[in-house]
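Trainee: sharing a model prediction with you, sequence too.
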Amino acid sequence: MAVPELIRIATRSSPMALAQVERVRHELAALHPGIRTEVVPVTTSGDRWQGALSALGGKGAFTKEVDALLLMGQADLAVHCVKDVPADRPLPAGTTWAAFLKRDDLRDALVHPGGGTLDELPPGTRIGTSSVRRIAQLASTHPHLRCVPMRGNANRRLEKLDAGEADALLLAVSGLERIGMRERISEALPLETMCPPIGAGVLALQCREDDEQTIEAVAGLGDPDTWREVTAERMLLHVLQGHCNSPIAGYGRAGRDGRLSLRARVFSPDGKTVLDAHEWAGPLDPATLGTSVAVALLRQGARQLIDAIPH
Ligand SMILES: NCc1[nH]cc(CCC(=O)O)c1CC(=O)O
């Protein structure tokens, strides 16, 4: 099939989103030097609303408007953080994944102006985060620290930190790297301390299902191991059917030997209950591994834990 002349890329306008699009354009130019790209900016409800995300009526706050542009034919490609794309339901009808780019660092980072590590922070230190996943895990491992609400894109959060609205932040390592703020990281937290969200550090390319030309042109940007990890992770979330206040964490790992494993955890908001499961795929395909780990968590009481959280 002939490669398309022009690919119009829908993106949010935050510095992180724009950096993500630049990576895609760069990789695409290396693969198909002839293709021109154009950026179609979108503002999503998640960008506009600075209150609690749960008040926006559920998930997809960062993706709905992007999906609409694709489906209306006003853009050909969307670049998403997998982490921001709801997994409890299929992708919007008429759209499909064309590729998952090679995964970046999936850890969370501590940003502390004094350069401290999490274990060194004194009692009462204010950690700026509105993430139920981060709040629950901090409550479990570092109950002497205090979480204060913090939203807005990563650059805005760093500004708020500098303005004294918190003493430290938790942000994704990958996100900080994308916006050129790697030097602000005081500690990259071990996965054991801070289990990452489903899809952490992965960029996904979404196309219209019937747009075979674009799908074929960008599919080569995909990384097969990342695809296996994300497929297992998202199936886990699909089976667990969490809501926007559920502290769920987990990550797949495709080892150099080809073996795939999936670890996942579900927390109570106060961090006092921690459900934990880890399995190797063995002969299972990635999606079945995700199902199996989800079932292991459900056997430990994940359904009751998730449903008991107000949402
Ligand atoms: N919720 C916003 C968001 N979506 C994806 C990332 C980080 C990059 C990634 O994991 O792909 C972030 C910022 C953060 O949590 O620090």
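Mentor: Arrived safely. Not measured: the values here are computed from a predicted model.

Trainee: what's the distance between residue 225 and the ligand?
Mentor: Distance, residue 225 to the ligand, by CB to the nearest ligand atom, to the nearest Å: 16 Å. Any C-beta I mention is one placed from the backbone N, CA and C, and that applies to glycine too.

Trainee: helices of the stretch 201-311 of the chain, start to end?
Mentor: Counting by DSSP state H, counting those that start in this stretch, the stretch 201-311 of the chain has helices at residues 212-219, 224-240, 286-299, 302-307.

Trainee: starting at the chain centroid, how far to the shortest one?
Mentor: The chain centroid and the centroid of helix 302-307 are separated by 22 Å under CA atoms, centre = their mean, to the nearest Å.

Trainee: hang on, residue 97 packs against residue 204?
Mentor: Yes: when contacts are counted by CB atoms under 8 Å, residue 97 is listed as touching residue 204 (5.8 Å).

Trainee: quick one: which of those two has more around it?
Mentor: For residue 97 versus residue 204, the count of surrounding residues by other CB atoms under 10 Å is larger for residue 204: 24 against 20.

Trainee: indicate the residue of the stretch 201-311 of the chain located nearest to the ligand.
Mentor: Nearest residue of the stretch 201-311 of the chain to the ligand: residue 201, at 4.7 Å (CB to the nearest ligand atom).

Trainee: so who does the residue most central in space within the chain touch?
Mentor: Closest residue to the average C-alpha location of the chain: residue 83 at 2.0 Å, with CA atoms, centre = their mean. By CB atoms under 8 Å, 6 or more residues apart in numbering, the contact list for residue 83 reads 172, 197, 198, 199, 200, 202.

Trainee: and what of residue 302?
Mentor: Taking CB under 8 Å, 6+ apart, we find residue 302 in contact with 240, 266, 275, 294.

Trainee: can I assume the last one is in contact with residue 240?
Mentor: Yes: in this structure, residue 294 sits in contact with residue 240. The criterion is CB under 8 Å, and the distance is 5.1 Å.

Trainee: any of the contacts of residue 302 buried? List them.
Mentor: 240, 266, 275, 294 (16 or more other CB atoms under 10 Å).

Trainee: report pLDDT for the third one.
Mentor: The predicted structure scores residue 275 at 98 on the pLDDT scale.

Trainee: check what pLDDT residue 232 gets.
Mentor: Predicted confidence (pLDDT) for residue 232: 98.

Trainee: any idea how far residue 191 is from it?
Mentor: 15 Å (CB to CB, to the nearest Å).

Trainee: between those two, point out the one with more neighbours.
Mentor: Higher neighbour count among residue 232 and residue 191: residue 232, with 32 against 16, using other CB under 10 Å.

Trainee: that one and residue 252 touch, don't they?
Mentor: Yes: at 4.3 Å, residue 232 counts as touching residue 252 under the criterion of CB under 8 Å.

Trainee: hey, what's in contact with both of these two?
Mentor: Contacts common to residue 232 and residue 252, judged by CB under 8 Å, 6+ apart, are 260, 262, 286, 289, 290.

Trainee: quick one, what contacts the fourth one?
Mentor: The reference is to residue 289. Taking CB under 8 Å, 6+ apart as the test, what residue 289 contacts is 232, 235, 252, 260, 261, 262, 279, 280, 281.

Trainee: follow-up on the earlier one: deepest-packed of the helices of the stretch 201-311 of the chain, please.
Mentor: Most buried of the helices of the stretch 201-311 of the chain, by mean neighbour count (mean count of other CB atoms under 10 Å): helix 224-240, with a mean of 23.

Trainee: which strands and helices sit next to that one?
Mentor: Packing partners of helix 224-240 (3 or more CB pairs under 8 Å, 6 or more residues apart in numbering; DSSP states H and E): strand 95-100, strand 248-254, strand 260-267, helix 286-299.

Trainee: just checking, next helix/strand downstream of the shortest one?
Mentor: Once the chain leaves strand 95-100, the next helix or strand it forms, by DSSP states H and E, is strand 108-111.
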